[in-house]
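Q: Have a look at this fold, sequence not included:
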């Protein structure tokens, strides 16, 4: 008897293998998480998240020690056993302090002025600015200035808990470590003033800051440069009285600091001429440097944080550029769609419009089928109701559900069944072409039904000998569900309006597999249906363009197809489509440098296909990303207006497309939700396709589950349809 243990281990091993998430799913997920993290980090360092802009009104001062209120601008509350003490700056020494930086415009100019006059000062930097402009912090340290903390997000600390205060300090130190490799023991509270302005709300904060090892530095001379009163006023305000030392408050960020820079050019030489020395705080007090080098893990942690901030800034810049690109693409595409589809409809709907002498000769209709037993009867019956002479060839591609037997039992005149081993749709179509009797070949899917006039409308353009293929008007039959309604909008707006545009431009990218017709001669010249890509319909259409054939759109050749009814099925279908389209673009890439019809298609058609079918859908979710970003971080009103503006443009195009196709407008009520959710799905699908292509992955043809609910409008419902509990379509 066999020991069951090895089987159990083998079974568990197989289960483990099955549970492994494929890389093509994992990478898009990780990319989205990383993108979200970068946007959150950007919002964080721009004070758009976790920022608190409340300012405490003045309070009583009875709990503040008198020696602090009447003391100097440097408060030392570090000792746990001794009372707080204050320090004053010695006579004829000035400690210039600059708050709220570093600023990429004004800080370098301030540093240049200090360097010009061999002066030093203290820069109280915020973590948000230091992490965004680390090079300026590094320059401050290299040029001999001291750096102090001014919190990370610049909140009024009297409103904050001790844990939030610790967080503000630690994040500020993290930014300093990453920018200049140092820690500092100097701290200035946001919204601080003179020592005598300390009150019962701010004093406990100063005590707590001291317990964390920091000197609190306020000021005793305010230049009031933030008011921009003029260069002379700033210089006079900053001047100490009677030769005394001072901590002078200035700003190198927070607005236009041109007056501050100009005032320094006047103030520095004037005070030096009076015997004043501009020095660091610790030098003025005769104390050890406030800077401590950071090494090891703390240093690398700081550098990693600063690097992440830099990446988030660049990613946001890239996203902004991408948003601008998608905005231009969307508007250009919609503009072209409206203009050219109007021109197309006007041309083909003229009473005297004709492709030539009406065609009446029979055509061959190929129906490739793999496990289509639920749909094939409706498909074949719709063909038998056609008002045009035809033969029907059902190519059974190794079905296991009795599809071929079902067609045989129908015993319909003019319908043949060709059986083959499972080899895929392109092989089935080529097999059908080999068995076809006539020169015009119509191709359709096994889950699609035609209207009686569809084939007649589809083949009339072949009266023009330049036409090699005709695209029909594919419509969603099962539009009674939300996901079906969304695809209905996509088919009417995104596919058929597009096809009118591409028809006018002479670069139709795809003959839909659900309804298309080909000239046999054209197919033979390009080698038939190719198996090189998963989008054989796009592949063969591009091949026809390169061979010099016209590919046109027949709006009245309507076919009703069963669209995927679940997100998983839709994902699988669009994944195959997008990956196959990329394969086709890559396969025909040499057309860009070729001459003749191939070169014209390569330099016009391929860029349009790549731009509007690959790049634009990949960037389209940026509209919604920035909607969320704007709602969370602002500016909210402008963001909402911009988003609804884009939606309005889409709504106009959708309404026009529905009007052209004579469809009811009621389905457009779901357009806003469709735009939000559909864009994300298509984005992830396209991203997954890119990853599959770049990693050299392979994707096989996938079979979608069918229900057989779709019939042509006006047809008699089949028995299977009558027994179905779904609401009738059409």
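A: Great, that's in hand. None of these values were measured; they are calculated from a predicted model.
Q: Residue 215 contacts residue 72, correct?
A: No: at 11.3 Å, residue 215 and residue 72 do not qualify as touching, with contact defined as CB atoms under 8 Å. No exception for glycine: its C-beta is placed from N, CA and C like everyone else's.
Q: Skipping adjacent residues, who's closest to residue 348 in space?
A: Nearest residue to residue 348, sequence neighbours excluded (CB to CB, 6 or more residues apart in numbering): residue 555, at 6.7 Å.
Q: So what's the gap between the host helix or strand of residue 474 and the chain middle?
A: Per DSSP states H and E, residue 474 falls inside strand 467-476. Relative to the mean C-alpha coordinate of its chain, strand 467-476 is positioned 32 Å out (CA atoms, centre = their mean, to the nearest Å).
Q: what is the mean pLDDT for the following helix or strand past it?
A: Remark: after strand 467-476, the chain's next helix or strand is helix 482-489, criterion DSSP H and E. Averaging pLDDT along helix 482-489 yields 83.
Q: quick one: helix 482-489 to strand 467-476, angle?
A: 150 degrees (axes from the mean of the first three to the mean of the last three CA atoms, to 10 degrees).
Q: Which neighbouring elements make contact with helix 482-489?
A: If contacts are counted by 3 or more CB pairs under 8 Å, 6 or more residues apart in numbering; DSSP states H and E, helix 482-489 sits against strand 467-476, helix 567-587, helix 671-694.
Q: Show me how far the helix or strand just after it is from its chain's centre.
A: Tracing the chain past helix 482-489, the next element assigned as helix or strand by DSSP H and E is helix 497-505. Relative to its parent chain, helix 497-505 has a centroid offset of 27 Å by CA atoms, centre = their mean.
Q: what's the answer for stretch 227-234, then?
A: 46 Å.
Q: cool, stretch 253-260 as well?
A: Distance, stretch centre to chain centre, for stretch 253-260: 36 Å (CA atoms, centre = their mean).
Q: residues of that stretch that come out buried?
A: The neighbour-count check on stretch 253-260 (16 or more other CB atoms under 10 Å) flags 253, 254, 257, 259, 260 as buried.
Q: Figure out how far the strand or helix carrying the last one is from the centre of its chain.
A: Here residue 260 sits within helix 258-273, counting by DSSP H and E. Mean-position distance between helix 258-273 and its chain equals 48 Å (CA atoms, centre = their mean).
Q: Mind checking the pLDDT average for that helix?
A: 96.
Q: Which SSE is immediately downstream of it?
A: Per DSSP H and E, helix 258-273 leads on to strand 277-278 as the next helix or strand towards the C-terminus.
Q: what packs against the helix or strand following that following strand?
A: Per DSSP H and E, strand 277-278 leads on to helix 281-285 as the next helix or strand towards the C-terminus. The contact analysis (3+ CB pairs under 8 Å, 6+ apart) places helix 281-285 against strand 93-99, strand 146-149.
Q: all helices for the stretch 201-350 of the chain, in order.
A: Listed in chain order, the helices of the stretch 201-350 of the chain (DSSP state H, counting those that start in this stretch) span 203-211, 231-238, 258-273, 281-285, 296-348.
Q: If we go by neighbour counts, what in the third one is buried?
A: The neighbour-count check on helix 258-273 (16+ other CB under 10 Å) flags 259, 260, 261, 262, 263, 264, 265, 267, 268, 271 as buried.
Q: Could you verify that residue 413 is part of a helix?
A: No: the assignment for residue 413, made by DSSP: H, G, I helix; E, B strand; the rest coil, is coil rather than a helix.
Q: could the helices and strands packed on helix 281-285 be laid out in TSV, adding mean pLDDT and distance to residue 604?
A: Shown next, in TSV, are the helices and strands packed on helix 281-285 (pLDDT from 0 to 100; distance: least, CB to CB, whole Å):
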stretch	mean pLDDT	distance to residue 604
strand 93-99	97	58
strand 146-149	98	58
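Q: Quick one, which of those strands gets closest to residue 542.
A: strand 146-149 (61.1 Å; CB to CB).
Q: quick check, distance from the closest one to the centre of its chain.
A: Centre-to-centre, strand 146-149 and its host chain are 38 Å apart (CA atoms, centre = their mean).
Q: switch to numbering from 96
A: Done: numbering now begins at 96, and the last item shifts to strand 241-244.
Q: Which strands and helices lie in contact with that strand?
A: Looks like strand 241-244 contacts strand 216-220, helix 229-237, helix 257-275, strand 277-279, strand 281-282, helix 376-380 (3+ CB pairs under 8 Å, 6+ apart).
Q: Quick check: residue 177 is in a helix.
A: No: with three-state DSSP as the criterion, residue 177 is located in coil rather than a helix.
Q: what separates it from residue 306, distance-wise?
A: Relative to residue 306, residue 177 is positioned 12 Å away (CB to CB, to the nearest Å).
Q: who's more crowded, these two?
A: Neighbour count, other CB atoms under 10 Å: between residue 177 and residue 306, residue 306 has more, with 13 against 9.
Q: now that one: how far from residue 341?
A: 28 Å.
Q: State the mean pLDDT of stretch 598-605.
A: Stretch 598-605 comes out at a mean pLDDT of 89.
Q: Hmm, I typed the wrong one, I wanted stretch 447-460.
A: 92.
Q: Tell me which residues of it come out buried.
A: 450, 454, 457, 458, 459, 460.
Q: Please apply the same query to stretch 169-188.
A: Neighbour counts over stretch 169-188 (16+ other CB under 10 Å) mark 169, 170, 171, 172, 173, 179, 180, 181, 182, 183, 184, 188 as buried.
Q: Now render those residues as JSON lines, adding secondary structure and distance to residue 598.
A: Conversion of those to JSON lines gives the following (DSSP: H, G, I helix; E, B strand; the rest coil; distance: CB to CB, whole Å):
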{"residue": "169", "secondary structure": "strand", "distance to residue 598": "79"}
{"residue": "170", "secondary structure": "strand", "distance to residue 598": "78"}
{"residue": "171", "secondary structure": "strand", "distance to residue 598": "81"}
{"residue": "172", "secondary structure": "coil", "distance to residue 598": "79"}
{"residue": "173", "secondary structure": "coil", "distance to residue 598": "79"}
{"residue": "179", "secondary structure": "coil", "distance to residue 598": "82"}
{"residue": "180", "secondary structure": "strand", "distance to residue 598": "86"}
{"residue": "181", "secondary structure": "strand", "distance to residue 598": "83"}
{"residue": "182", "secondary structure": "strand", "distance to residue 598": "82"}
{"residue": "183", "secondary structure": "coil", "distance to residue 598": "84"}
{"residue": "184", "secondary structure": "coil", "distance to residue 598": "81"}
{"residue": "188", "secondary structure": "strand", "distance to residue 598": "82"}
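Q: For the longest strand along the chain, name the packing helices and strands.
A: As far as residue count goes, and with DSSP state E defining each element, the longest strand of the chain is strand 645-656. If contacts are counted by 3+ CB pairs under 8 Å, 6+ apart, strand 645-656 sits against helix 391-443, strand 543-545, helix 549-554, strand 562-571, helix 592-600, helix 631-641.
Q: Can you say which of the ones you listed is nearest to residue 466?
A: Across the helices and strands packed on strand 645-656, closest to residue 466 is strand 543-545 (CB to CB), at 15.2 Å.
Q: Rounded mean pLDDT for stretch 639-648, please.
A: 94.
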